[in-house]
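*Asks:* Sequence first, then the predicted structure:
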Amino acid sequence: MPIYATEQGWMLETRNTGYALGLNRAGRLSHRYWGVRLPYPEDYPAAANPGPWASFDGSAHRMLEEYPAYAGASYIDPCLKATFADGVRDVVLRIDTVEQGDDTREELHIRLRDTYYPFFVTLRYRVHPDYDLIERRVTITNEGDTPVTLERVLSAQWHLPRGDGYRLTHVDGRHLDEMYVRREPLMQGIKILESRRLTTSHNHNPWFAIDRGCADEDAGEVWFGVLAWSGNWRLSTEVTELASTRVNIGINDWDFAWRLDPQQSFTTPSSYAGYTTGGFGEASRRLHDFTRDLVVPHPGEPRKVLYNSWEATTFAVDAQSQLVLAQRAAEIGVELFVMDDGWFHGRATDNAGLGDWWPDVEKFPDGLAPLIKGVNELGMDFGLWVEPEMVNPNSDLYRAHPDWVIHFPTRGRTEMRNQLILNFARSDVQNYIISQLDRLLSENNIAFIKWDMNRNVSEPGWQDADGDPRELWVRYVQGVYFVWNTLRTRYPAVIWQSCSGGGGRADLGILRLADQIWASDNTEATARLVIQEGFSYVFPPSTMEAWVTDAARDHISLQFRFHVSMCGVLGIGAHLLHWNEQQSAEAGRLVAQYKEIRHIIQFGDLSRLRSPQLHPFSAVQYVSKDRSEGVLFVFRTLIPDPVELPPLYLRGLDPHARYTVTGFEGPCSGQAWMHVGLQVSLNNFQSTLLRIRRI
Ligand code: GLA
């Protein structure tokens, strides 16, 4: 049974992991254990009640509280901070009730109550046994008759086993340069990763992996987790003076406040976390499987090969020229034709039009229907770009509703890319955008929407808010989810893509709405290798849109560019009219090959064999779930002579089955391919794709 109770407390078990919590002798809900699943219930240690450390660190500070609130003599980075109406800023929580959720026995709700105020904190756990993941979120309820101000409400504190020598892996970057994998030792103190930008951001991602300093791709203990949230977030790792290590994760409390009125509740987003002994590779695969099966709206549906016109035409779109591109796209096997920016009212450059979501009459005098019909007649689905959260001051919408943007009345409105942010916390804004996009979707045969978001916040004011104006940070994201989800429910077949100037909004929150993410605006293939590798730590390849474009075409072959994009959901963004016959034919062959193997890439197990961030000779491998077939991509960028390329050791094969690998003598056992390896020869800026087949 995934969740059970003994006298010591509660045990949450997945296929391979165990997690235990319980009351210590002081009656405080404490963390007991998180790691490999233990054979017997009595193996799980009792909740500790440590004594004080001199007169400076009391017992409260030293105990492993499961969800510490700011109270008493504890200096731990807390999960919860609140101020009651009488000014008291100390939340003292004790256990109230415990419920084991639904009949699948996969949920546990532990309700804590403040010792004085009718203020409740419900810790909500859910185990995902097959994925070795535990989900945590929290609901705060005010059953009093005066408001309470919430100043911090995190989703979880994840405790690691006592010890030292831990190492944090995370990703960082910037626009056009996202998802660098970083590793650093954890030392005493707090390390904070966060977003204050209103969206998830290009700079960090709400994901962590912590190991004991020696895990690699294939082996070693790794504790990892994410936050499913697309707004400001905060992830902090704390190592205390007595070597207790914890991760706090949740909505960022920076500039945050929430007025919790009487009889109201506030629920945090979920944090999912897991433990594995299979290294970083297995940690990624656990998240991949979970996201593919239980998070995205269309699990199991193969993602289509798309063409996107942005890099070819930028804003210069009209039915005629798009149809010429569509014709070429269809010839090389594209299945989904997406028209990007530039199609709507008044949009000739980036200084006008956002907010006015109807076809520009000069470019599309008869609406979008003729183009869509043409695209459909070519055998392709049609997709469209929108940026619903934005408005240009030069738009009908802004002229009618200048008060709808996020702003402070006495301050300027900082424009970025000539645009301002609509306040999606407001219901009038939400309803307006729903009606505009609903009209587009109901009047046109649109199968795919790219939802973009091209700037970060400034002057985060919301003067006419009902509650605390600082609720904006959360209510905005809830508004985006609400609008998107309303449309998604009305048009369930539509596939959505999340883009924010590339990878600015990639997280498990948005993946509940979008099946695909545009990982970066940087489409240069060698840069992309690095970005894609970082992306793969967190997200499955079935969510990673990757286009073949003309970037660096003079020194990077079409095949290399294709191979890089085939590592995810293949798309094309090049100017197809600039390809000669031979290039188009080659593209057609590669698209056809991708269609043959995409089920392995999109839904198989991914292994990072050699990192492109660390090595100019890199490789990534995919193996189908039944281990009957696989694909290996190998890339060489620039390595000056003399060169001796290292062998590659395959992963994830059935050791006793026999496999062939394209171009290599065989068959050999899976064991041999994994332990003897194979020697791939490549010149600079060459790549290869090898098929692996069980016989
Ligand atoms: C952003 C996106 C691009 C493209 C442009 C259009 O930069 O990331 O892919 O859609 O907007 O303006």
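*Replies:* Sure thing, it's come through.

*Asks:* got a list of what the one residue in the chain that gets nearest to the ligand touches?
*Replies:* Per C-beta to the nearest ligand atom, residue 341 is where the chain lies closest to the ligand, at 3.5 Å. Quick note: C-beta positions are derived from backbone N, CA and C, even for glycine. Counting by C-beta atoms under 8 Å, 6 or more residues apart in numbering, residue 341 touches 310, 314, 315, 317, 347, 350, 385, 387, 452.

*Asks:* what do you get if the cut-off is 7 Å, keeping everything else the same?
*Replies:* 310, 315, 347, 385 (C-beta atoms under 7 Å, 6 or more residues apart in numbering).

*Asks:* farthest pair in those residues?
*Replies:* Maximum pairwise distance among the contacts of residue 341 (C-beta to C-beta): 12.9 Å, between 310 and 347.

*Asks:* related to what we said a few turns ago, narrow the contacts of residue 341 to those in strands?
*Replies:* Applying DSSP state E to the contacts of residue 341, the entries found in strands are residue 385.

*Asks:* Buried members of the contacts of residue 341 into ChimeraX, please.
*Replies:* Selecting only the buried entries of these in ChimeraX, with 16 or more other C-beta atoms under 10 Å as the criterion:
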select :310,347,385
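
*Asks:* any chance of the contacts of residue 341 in a markdown table, with pLDDT too?
*Replies:* Below are the contacts of residue 341 laid out as a markdown table (pLDDT from 0 to 100):
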| residue | pLDDT |
| --- | --- |
| 310 | 96 |
| 315 | 98 |
| 347 | 98 |
| 385 | 98 |
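
*Asks:* near the ligand too, which of the contacts of residue 341?
*Replies:* With C-beta under 6 Å from any ligand atom as the criterion, these include 310, 385 near the ligand.

*Asks:* quick one: buried residues of stretch 185-198?
*Replies:* For stretch 185-198, the neighbour count (16+ other C-beta under 10 Å) marks 186, 191, 193, 194, 195, 196, 197, 198 as buried.

*Asks:* do stretch 3-22 as well
*Replies:* Buried residues in stretch 3-22 (16+ other C-beta under 10 Å): 3, 8-14, 16-22.

*Asks:* One more: stretch 500-516?
*Replies:* Buried, per 16+ other C-beta under 10 Å, within stretch 500-516: 500-516.

*Asks:* Now go through these and say which are in strands.
*Replies:* Short answer: these in strands (DSSP E) are residue 516.

*Asks:* filter the buried residues of stretch 500-516 down to the ones near the ligand?
*Replies:* 501, 502.

*Asks:* Can you give the contact residues for stretch 544-555?
*Replies:* 308, 311, 497, 516-519, 523-525, 528, 532, 535, 561-562, 564-565, 567-575, 578, 685.

*Asks:* how about the residues of the protein near the ligand?
*Replies:* Contacts of the chain with the ligand, taken as C-beta under 6 Å from any ligand atom, map to 310, 340, 341, 385, 452, 454, 499, 501, 502, 518, 521.

*Asks:* can you pull the contacts of the fourth one?
*Replies:* For residue 385, the contact set (C-beta under 7 Å, 6+ apart) comprises 338, 339, 340, 341, 450, 452.

*Asks:* Mind picking the two most distant members of the residues you listed?
*Replies:* Checking the contacts of residue 385 with C-beta to C-beta, the most distant pair is 339 and 452, at 12.9 Å.

*Asks:* Between the two, which has more neighbouring residues?
*Replies:* residue 339 (27 against 23; other C-beta atoms under 10 Å).

*Asks:* Next, the contact list for that one, please.
*Replies:* Contacts of residue 339 (C-beta under 7 Å, 6+ apart): 309, 317, 322, 384, 385.

*Asks:* Turn the residues you listed into a markdown table, including distance to residue 261.
*Replies:* As requested, the contacts of residue 339 are exported to a markdown table (distance: C-beta to C-beta, whole Å):
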| residue | distance to residue 261 |
| --- | --- |
| 309 | 49 |
| 317 | 48 |
| 322 | 51 |
| 384 | 40 |
| 385 | 40 |
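
*Asks:* List the beta-bridge partners for residue 691.
*Replies:* Residues in a beta bridge with residue 691, per DSSP bridges, are residue 631.

*Asks:* what's the burial count for it?
*Replies:* With other C-beta under 10 Å as criterion, residue 691 counts 17.

*Asks:* Equivalent analysis for residue 427, please.
*Replies:* 11.

*Asks:* Against residue 478, how distant is it?
*Replies:* Using C-beta to C-beta, to the nearest Å, residue 427 is found at 11 Å from residue 478.

*Asks:* Can you give me the buried ones in stretch 587-599?
*Replies:* Under 16+ other C-beta under 10 Å, the buried positions of stretch 587-599 are 587, 590, 591, 593, 594, 597, 598, 599.

*Asks:* still on that earlier bit, keep only those of the contacts of residue 385 that are in helices.
*Replies:* Using DSSP state H, the subset of those located in helices is empty.

*Asks:* where does the stretch 101-250 of the chain have low pLDDT?
*Replies:* Along the stretch 101-250 of the chain, segments meeting pLDDT under 70 span 101-104.

*Asks:* actually the chain, sorry about that
*Replies:* 101-104.

*Asks:* Check the offset of stretch 555-563 from the chain's centre.
*Replies:* On the basis of C-alpha atoms, centre = their mean, to the nearest Å, stretch 555-563 sits 27 Å off its chain's mean C-alpha point.

*Asks:* for this protein, which helix is longest?
*Replies:* Ranked by residue count under DSSP H, the longest helix found in the chain is helix 581-603.

*Asks:* just checking, what packs against it?
*Replies:* helix 319-331, helix 558-566, strand 629-636 (3 or more C-beta pairs under 7 Å, 6 or more residues apart in numbering; DSSP states H and E).

*Asks:* I'd like to know which elements the next helix-or-strand element following the second one is packed against.
*Replies:* Same thing as helix 558-566. Where DSSP states H and E defines the elements, the next helix or strand beyond helix 558-566 is strand 569-572. Applying 3+ C-beta pairs under 7 Å, 6+ apart, one finds that strand 569-572 makes contact with strand 306-308, strand 544-548.

*Asks:* so of those, which one's packed in deepest?
*Replies:* strand 306-308 (a mean of 27; mean count of other C-beta atoms under 10 Å).

*Asks:* Give the partner strands of it in its sheet and their orientations.
*Replies:* According to DSSP bridges, strand 306-308 has the following sheet partners: strand 336-339 (parallel), strand 569-572 (parallel).

*Asks:* ok, residue 197 to residue 230 distance?
*Replies:* Computed as C-beta to C-beta, the residue 197 to residue 230 distance reads 11 Å.

*Asks:* re the thing from before, include distance to residue 421 when you put the strands paired with strand 306-308 into JSON lines, please.
*Replies:* Formatted as JSON lines, the strands paired with strand 306-308 follow (distance: least, C-beta to C-beta, whole Å):
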{"stretch": "strand 336-339", "distance to residue 421": "24"}
{"stretch": "strand 569-572", "distance to residue 421": "27"}
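
*Asks:* what about the helices and strands packed on helix 581-603, which gets the closest to residue 110?
*Replies:* Residue 110 lies closest to strand 629-636 among the helices and strands packed on helix 581-603, at 43.6 Å (C-beta to C-beta).
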